[in-house]
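Trainee: prediction below, plus the sequence it came from.
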Amino acid sequence: MSQTIDYGNLMHDAMRSLIKKVLKDVQANGLPGSHHFFITFDTTHPDAELADWLSDRYPEEMTVVMQHWYDKLEVGDDGFGITLNFGEAPEPMFVPYEAIKTFVDPSVEFGLRFEAQEDENDNDVEEEASDDVSDNSDPVQLPDPKPTADGESDNSKDSTKEAEVVSLDSFRK
């Protein structure tokens, strides 16, 4: 048994579970009201699946917008599959929950940010990493909708609107 509780990884698991629950509801009922999501993910994650031209264009990370047009949302235990429209070209992709870097719903100023977790075998680094989960209360700057995955540019909207970040500071001793 471990000598410490790994709150960082536990919080990441809880945040991924929240994303999964939200996406399952959207899968069943559609996006309610003005809700929409900016999801930034690591395109190099071994389980991420996207078209070669997309991974070539976004070799490290990509932000997709789930708003006006999306199709075939399939939410699973390890990630979600979705077809998004890139300039009138529908493209299926699979995004593992572990690859998600940020999940933002600007309609309600809500955002989650996943800090990189280091190798679990290095205890010193692991302790530092467990403190990194949304370790400040500064608002998340909404990502610039790089590829407009729903086929529409959101540039007319204020893309600098701030979102609220879940902070763990109040739970720290």
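Mentor: Structure received.
Trainee: shaky segments in the chain?
Mentor: Scanning the chain for pLDDT under 70 picks out 1-2, 117-173.
Trainee: the helices in it, which residues?
Mentor: Using DSSP state H, the helices of the chain run over 7-29, 52-57, 123-130.
Trainee: need those in CSV with mean neighbour count and distance to residue 72, can you?
Mentor: To be clear about C-beta, it is placed using only N, CA and C from the backbone, and glycine gets the same treatment. As requested, these are exported to CSV (neighbours: other CB atoms under 10 Å; distance: least, CB to CB, whole Å):
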stretch, mean neighbour count, distance to residue 72
helix 7-29, 15, 10
helix 52-57, 12, 16
helix 123-130, 15, 35
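Trainee: can I get those in JSON lines with distance to residue 45?
Mentor: Shown next, in JSON lines, are these (distance: least, CB to CB, whole Å):
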{"stretch": "helix 7-29", "distance to residue 45": "13"}
{"stretch": "helix 52-57", "distance to residue 45": "11"}
{"stretch": "helix 123-130", "distance to residue 45": "17"}
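Trainee: and of those helices, who's closest to residue 93?
Mentor: For residue 93, the closest of the helices of the chain is helix 52-57, at 7.4 Å, according to CB to CB.
Trainee: ok, and what's touching that closest one?
Mentor: Helix 52-57 is contacted by residues 43, 62, 86, 91, 93, 147 when judged by CB atoms under 8 Å, 6 or more residues apart in numbering.
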